[in-house]
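# Output the structure for:
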Amino acid sequence: MVIPARNEAEVLPVCLPSLLGQDYDGQFTVIVVDDDSTDGTPKIASELAVASGGRELVVVSARPTPPGWAGKVWAMSEGVQAVAADTEYILFTDADIAYAPGTLGRLARVAAAGEFAIVSQMALLRTTNRPEKLLIPAFVYFFAQLYPFRRVSQQQSRTAAAAGGCMLVRADALAAAGGLDRIRAARIDDVALGKLLKRAGGRCWLGLTTDVLSIRQYNRLADIWSMVARSAYTQLRHSLAATAGAVLGLAWLYLLPPVAAIAGLALLAAGADAGLAAWLAIAGLAGWLLMAVSYVPILRLYRLSALRGLTLPVIAALYAAMTADSARRHLRGRGGEWKGRFVAPANS
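Have a look, this model is predicted:
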């Protein structure tokens, strides 16, 4: 297991024991890669290793990130260097991810049975407070719209992705694909890794789960806004045209139906052309209902009311604004900010 960790002293005491305590038939080593932390992350990890009851845990200090490498990908690469030569699988996971008992064994069995190069599960994100309940399930919903899980798992499909919180990778498949050096500049490392392995001929599997949990807190709207704005413009390949298309697409798909419904009902109330008004109202309401229904499976996964599906237009408007803000931040040299690091401007 490789865990890149930059200033994660707060979450390691919760997440690391869930990995060290996994009931797994084979041997495994947990490798925590300290990515220039200033909060005592390596000390906390070492203390947890002593209390783990014999599970092997190695703390590696990452060397300075070389030019051309994204910080997290370099930390992952440093962890791979510490992996034993005969390792069959490498689990790349984040420091804020906790695992239910037996999860590691289930992942390995799925990978072996399907001969998958990568088995990835989207962690169940926190939905404790109001901002999280409003926006976090939609983050998973929109991710699944961009990268339909079923298509990712189909060998004949070109769609490829992974969820960075939990990626079990065959070590030989990663080496055969050229290793992490091939995605060294990737700012969205999970999607890049999924594409690398699939294009090399590896089988990929991506799914949802309740056994892999993220404990990262987003207590304010601003926290979620920063999380989305950090990567949206990168996901759109630093293209203003693609950003404009994404914002207009969100407006067309999720804002137009309720606007049409409200306009139609207003026209009916005003006594305007009944035919046109009724058509607008019915078409708008139908579109609004269909989008709400499409959101229900994700809401059920997060044990939230299906009625929240009706708020999807508001959520889409917020995500459109976050996407536009992501482009603004990147163009001003403040893009991709994460714990003091920034992505260079697109025109640099």
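# Could I get the full set of strands for this protein?
In chain order, the chain shows strands spanning 2-5, 29-34, 56-61, 89-93, 97-99, 116-124, 166-170, 203-214, 335-338, 341-343, with DSSP state E as the criterion.
# Of all the residues in the fourth one, which ones are buried?
In other words, strand 89-93. Residues of strand 89-93 classed as buried: Tyr89, Ile90, Leu91, Phe92, Thr93 (neighbour count, 16 or more other CB atoms under 10 Å). C-beta: built from backbone N, CA, C; applies to glycine.
# do the same with stretch 36-46
When neighbours are counted by 16+ other CB under 10 Å, the buried residues of stretch 36-46 are found to be Asp36, Ser37, Gly40, Thr41, Pro42, Ile44, Ala45.
# In helices, which of these fall?
Thr41, Pro42, Ile44, Ala45 (DSSP state H).
# Next one: the most far-flung residue of the chain relative to its centre relative to Asp172, how far apart?
In the chain, the residue that sits farthest from the middle, by CA atoms, centre = their mean, is Gly271; the gap is 48.6 Å. From Gly271 across to Asp172, the span is 72 Å (CB to CB, to the nearest Å).
# go on, Tyr218?
The span separating Tyr218 from Asp172 equals 37 Å under the rule CB to CB.
# More neighbours: which of the two?
Higher neighbour count among Tyr218 and Asp172: Tyr218, with 22 against 13, using other CB atoms under 10 Å.
# does Val30 really touch Val59, like I thought?
No. Look at Val30 against Val59 with CB atoms under 8 Å: they stay out of range, at 9.4 Å.
# Show the low-confidence segments of the stretch 1-150 of the chain, by residue range.
Low-confidence segments of the stretch 1-150 of the chain (pLDDT under 70): 52-55.
# so where do the helices sit in it?
Under the criterion DSSP state H, counting those that start in this stretch, the stretch 1-150 of the chain carries helices at the ranges 12-20, 41-50, 71-81, 103-114, 130-146, 149-152.
# which secondary structure elements does the fourth one contact?
This points to helix 103-114. Taking 3 or more CB pairs under 8 Å, 6 or more residues apart in numbering; DSSP states H and E as contact, the helices and strands that helix 103-114 lies on are strand 89-93, strand 116-124, strand 166-170, strand 203-214.
# What residues of that helix count as buried?
Buried residues in helix 103-114, defined by neighbour count with 16+ other CB under 10 Å: Thr103, Leu104, Leu107, Ala108, Ala111.
# orientation of that helix relative to strand 116-124 in degrees?
If you take axes from the mean of the first three to the mean of the last three CA atoms, to 10 degrees, helix 103-114 sits at 140 degrees to strand 116-124.
# Show me what helix 103-114 is in contact with.
Surrounding helix 103-114, the residues in contact under the criterion CB atoms under 8 Å, 6 or more residues apart in numbering are 19, 22-26, 28, 89, 91, 116, 118-119, 121, 166, 168, 170, 203, 205, 211-212.
# Phi first, then psi, for the residue most central in space within the chain.
The residue at the geometric middle of the chain, judged as the C-alpha nearest the mean C-alpha position with CA atoms, centre = their mean, is Ala163 (4.9 Å). Backbone torsions of Ala163, given as degrees, to the nearest 10, read phi -110, psi 120.
# so it makes contact with Val119?
No. The criterion here is CB under 8 Å, and Ala163 misses it with Val119 at 10.5 Å.
# Quick one: residues contacting the closest residue to Met122 other than its chain neighbours.
With CB to CB, 6 or more residues apart in numbering as the measure, Ala163 is the residue that lies nearest to Met122, at 4.2 Å, once sequence neighbours are left out. For Ala163, the set of contacting residues under the criterion of CB under 8 Å, 6+ apart consists of Ser120, Gln121, Met122, Ala123, Asp190, Leu206.
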